[in-house]
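Visitor: make a model of this:
(6 chains)
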6 protein chains.
Amino acid sequence: MKKDRLQQGLDKLMEFTLTSNKEISTHLKISENLEDIAPDVGKYIIEFGYGDIYSRPGLSNQQRALVTISSLITQGTEPQMELHINTALTSGLTPEEIVEAIIQLIPYTGFPRVLNALTVAKRVFSQRDVQVTPIKVAQ
Amino acid sequence: MKKDRLQQGLDKLMEFTLTSNKEISTHLKISENLEDIAPDVGKYIIEFGYGDIYSRPGLSNQQRALVTISSLITQGTEPQMELHINTALTSGLTPEEIVEAIIQLIPYTGFPRVLNALTVAKRVFSQRDVQVTPIKVAQ
Amino acid sequence: MKKDRLQQGLDKLMEFTLTSNKEISTHLKISENLEDIAPDVGKYIIEFGYGDIYSRPGLSNQQRALVTISSLITQGTEPQMELHINTALTSGLTPEEIVEAIIQLIPYTGFPRVLNALTVAKRVFSQRDVQVTPIKVAQ
Amino acid sequence: MKKDRLQQGLDKLMEFTLTSNKEISTHLKISENLEDIAPDVGKYIIEFGYGDIYSRPGLSNQQRALVTISSLITQGTEPQMELHINTALTSGLTPEEIVEAIIQLIPYTGFPRVLNALTVAKRVFSQRDVQVTPIKVAQ
Amino acid sequence: MKKDRLQQGLDKLMEFTLTSNKEISTHLKISENLEDIAPDVGKYIIEFGYGDIYSRPGLSNQQRALVTISSLITQGTEPQMELHINTALTSGLTPEEIVEAIIQLIPYTGFPRVLNALTVAKRVFSQRDVQVTPIKVAQ
Amino acid sequence: MKKDRLQQGLDKLMEFTLTSNKEISTHLKISENLEDIAPDVGKYIIEFGYGDIYSRPGLSNQQRALVTISSLITQGTEPQMELHINTALTSGLTPEEIVEAIIQLIPYTGFPRVLNALTVAKRVFSQRDVQVTPIKVAQ
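Guide: Numbers count the residues shown, from 1 in each chain, chains lettered A, B, ... in the order given. This is a model prediction of the structure:
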């Protein structure tokens, strides 16, 4: 049964990660890096995080990605923000939607968290060669 | 022009608030309460928050509500969580989607913030007589 | 297998909770309260929190309780602080050790979080009729 | 020497507290409340907080009060916010300056923390019968 | 009217930024960097942040700078801390006042945030060739 | 008397720091670095932090180290996390206990803070040539 949670988690994780030849999932690299001091944590992320939580019905992958990046931007935990702006793109959120989600947080976190998140997003878009058609409203 | 931002903000705010006879928007009550010490803050919320930010294209009202509650749950600011679980419902998010968004945050904020948010959500659902069909996955 | 994690979690949880006739575990009440909107969350707490994490070897129950309350005091999430000052006592930490742990946080969180935590601790000690022999060092 | 720090702290504290017949310093009440579980903490607040830190030259009492409330509003620790909006008034900051300091935080913390702080400030002003001449700029 | 808010914001911003030949305002660089993904955010900072909020009467520029850095130190958002220790100096706060404001936060945030802020302040003072006459009280 | 607090603090600090020929206490380096802008802060850390707080009876050095790292991981203040994972090792906590303490925080802070802390711990263990026998429970 535990194996099923692991498999379920891996299957779900794959929906959020690019698997082209050049790229290895950052999540799997995290697990590898921790193998020699905390080998179970990578499994908990996949079994509990992806197997139990992400695999639940009721929200689309894109909605889950939106919830996740909103929390990480609010916390200001940058390495995870970078990872999950990546998973958000892979889930199908457009770069424009990601940018708008960050802007939506200005009234709730203030500008500092938002500016730091936009800097991370810009870096991710550039690394993945994602084109952004910026939305310009203010005159 | 500033009047336009105010009107734009009020129009957008109305999309997020119930306006039945019995009910007065909590947002307007906030503004009233602050009238005697900080009369401009209510205007900033409507002009800047709703007029400039919420009125941007690129995300649906439901996506904006999802981003907002995710940030507030992460911060643990309860009075605003209650208000914005209300605006999330009015935007058209179902109670089940709101509950799933809260559950999605377990791997990112831990259980304490999530439990406090579920307590607030339960109270809001009850106040609005919203029926929840709970999603049960774990066996 | 999942049943085993649940049973393991329940067994571990029992080590942290008083089970006298008068008392029902707050953890089980949390699960009951959420039954009608989020029935799986109580299970995740027991399976993942107590079954997977608390049941790991390498730290004593008292060490785990110390780590837990230190995090909750730092976050300032009061309902959980109250619950886990209770579980800390049941794990065998003395009230004096709990008070000293809170005082140890002054240089790391400042006085406000510490004062709020001491207020919660005082209430818990009083509810459980726990006698405290205060440590007085400063002259 | 330690006695000097205590006396220095008490003297400084008195500059921040009303000492009319009706009123007992909240700080002293905090110390009394903790006497039976953590009798040294009240001393640390006075000796270290007021004796060492607040007594330093280089900033006026009003500047120290401004720094303090800005931090507490950002943290959202309400009981201390209430106490230090009181000490800010006693230090000579006007209610209008306190309100403006809170408003100044909108771009740095977002609206939720600011709204909660304004609610606390309004309660403190009312308890002390302080008249506020609200600054109204937005049209 | 919106143009007026923008102009008002730019005028106010100039009071907080060095404009010698060698130097371009970091704020304008932020706007430029975001031009290709979020062109409106720079405008919101100037129009709303500087035009609406910083331009309010009731607090001096130095008081606004003090409030701002106190919040950023408490949040631990370092890039913005660096920027606003710069704007604080330009507003006329002395480096000694800035250092004392950071030290004043020890009882409210603990030592870690304070040490990180002092490290940032030391770097800013060095970059701007600002001389500090350290206040030494403890014997 | 103040000299006694300083001496008491230095003595206690030495219990938490390696003093081999090759190594100078990071704490003393912090004080040196701040000597030219904030010479008293290093003294406050030793007198108040180590002299008053760490020197209290009622908890072992290892318990104090556990409380301290739990708070720093929860706050996410990395430079201090690195320092205090070092002091935790010197206090006698094993690397396995430190890793388990970090894992214990997953249910209370979520995965991001935990992953960042494990990365810091791995670096510290490597710098000190500490061997870790990883605990592997999940199958």
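
Visitor: and A:Thr94, backbone torsions?
Guide: Here the main-chain torsion angles of A:Thr94 (degrees, to the nearest 10) amount to phi -80, psi 160.

Visitor: show the contacting residues for the residue most central in space within chain A.
Guide: Within chain A, one residue has its C-alpha closest to the average C-alpha position: by CA atoms, centre = their mean, that is A:His84, at 1.5 Å. Neighbouring residues of A:His84 by CB atoms under 8 Å, 6 or more residues apart in numbering or on different chains: A:65, A:68-69, A:72. Where C-beta positions appear, they are placed from N, C-alpha and C, glycine not excepted.

Visitor: list the buried ones in the helix or strand bottoming out on mean pLDDT in chain A?
Guide: Across the helices and strands of chain A, the lowest-confidence element by mean pLDDT, DSSP states H and E is helix A:26-34, at a mean of 83. Of the residues in helix A:26-34, A:26-27, A:30-31, A:34 count as buried by neighbour count, 16 or more other CB atoms under 10 Å in any protein chain shown.

Visitor: ok, and what's touching it?
Guide: When contacts are defined by CB under 8 Å, 6+ apart, helix A:26-34 is touched by residues A:13, A:17, A:41-43, A:45-46, A:83, A:86, F:115, F:118-119, F:122.

Visitor: same question for stretch A:37-49.
Guide: A:2, A:5-6, A:9-10, A:13, A:27-28, A:30-32, A:34-35, B:107, C:44, C:48, C:52, C:56, F:95, F:99, F:102-103, F:106, F:111, F:114-115, F:118, F:121-122, F:125, F:132, F:134-138.

Visitor: what does chain A put close to chain B?
Guide: By CB under 8 Å from any CB of the partner chain, the part of chain A that sits against chain B consists of A:45, A:48-49, A:52-59, A:63-64, A:66-68, A:70-75, A:80, A:96-97, A:99-101, A:103-109, A:135, A:137-138.

Visitor: can you flag the buried ones in those residues?
Guide: Among the residues of chain A next to chain B, those buried by neighbour count (16+ other CB under 10 Å) are A:45, A:48-49, A:52-56, A:58-59, A:63-64, A:66-68, A:70-75, A:80, A:96-97, A:99-101, A:103-109, A:135, A:138.

Visitor: quick one on the thing from earlier: which members of the contacts of A:His84 occur in strands, if any?
Guide: Among the contacts of A:His84, DSSP state E puts none in strands.

Visitor: among the residues you listed, which one sits closest to F:Ser91?
Guide: A:Leu72 (32.6 Å; CB to CB).

Visitor: now the closest one: how far from B:Thr74?
Guide: Spatial separation of A:Leu72 from B:Thr74 under the definition CB to CB, to the nearest Å is 8 Å.

Visitor: got the domain ranges for chain A?
Guide: Residue ranges for the structural domains of chain A, counted by automatic domain parsing, are given in the record as A:1-57, A:60-139.

Visitor: in terms of mean pLDDT, which of the ones you listed ranks lowest?
Guide: Across the domains of chain A, the stretch with the lowest average pLDDT is domain A:1-57; it has a mean of 85.

Visitor: can you give me how far it is from the chain middle?
Guide: The chain centroid and the centroid of domain A:1-57 are separated by 13 Å under CA atoms, centre = their mean, to the nearest Å.

Visitor: rewinding a little: spell out which residues are contacts of both of A:Leu72 and B:Thr74.
Guide: Taking CB under 8 Å, 6+ apart as the criterion, A:Leu72 and B:Thr74 both touch B:Tyr108.

Visitor: quick one on the thing from earlier: check the contacts of helix A:26-34 against C:Ser91 and report the nearest one.
Guide: Ranked by distance to C:Ser91 (CB to CB), those are led by A:Val41 at 23.5 Å.

Visitor: count of neighbours near that closest one?
Guide: Other residues within reach of A:Val41 by the criterion other CB atoms under 10 Å in any protein chain shown amount to 22.

Visitor: ok, it to A:Asn86 distance?
Guide: A:Val41 sits 20 Å away from A:Asn86 when distances are taken as CB to CB.

Visitor: circling back: return the subset of the contacts of A:His84 lying in helices.
Guide: Secondary-structure check on the contacts of A:His84 using DSSP state H: residues within helices are A:65, A:68-69, A:72.

Visitor: could I get the residues you listed as CSV with distance to B:Thr90?
Guide: Converted to CSV, those look like this (distance: CB to CB, whole Å):
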residue, distance to B:Thr90
A:Ala65, 24
A:Thr68, 24
A:Ile69, 24
A:Leu72, 26
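
Visitor: which one of the residues you listed sits closest to A:Thr90?
Guide: A:Ala65 (8.4 Å).

Visitor: quick check: closest non-adjacent residue to the closest one.
Guide: Distances taken as CB to CB, 6 or more residues apart in numbering or on different chains put A:Ala88 closest to A:Ala65, at 3.9 Å, once the chain neighbours are dropped.

Visitor: over to A:Glu100?
Guide: Among residues not flanking A:Glu100 along the chain, B:Gly58 sits closest, at 3.9 Å (CB to CB, 6+ apart).

Visitor: enumerate the residues of chain A near chain D.
Guide: On the criterion CB under 8 Å from any CB, chain D has as its neighbours in chain A the residues A:105-112.

Visitor: which element is A:Leu93 on?
Guide: Counting by DSSP states H and E, there is no helix or strand that carries A:Leu93.
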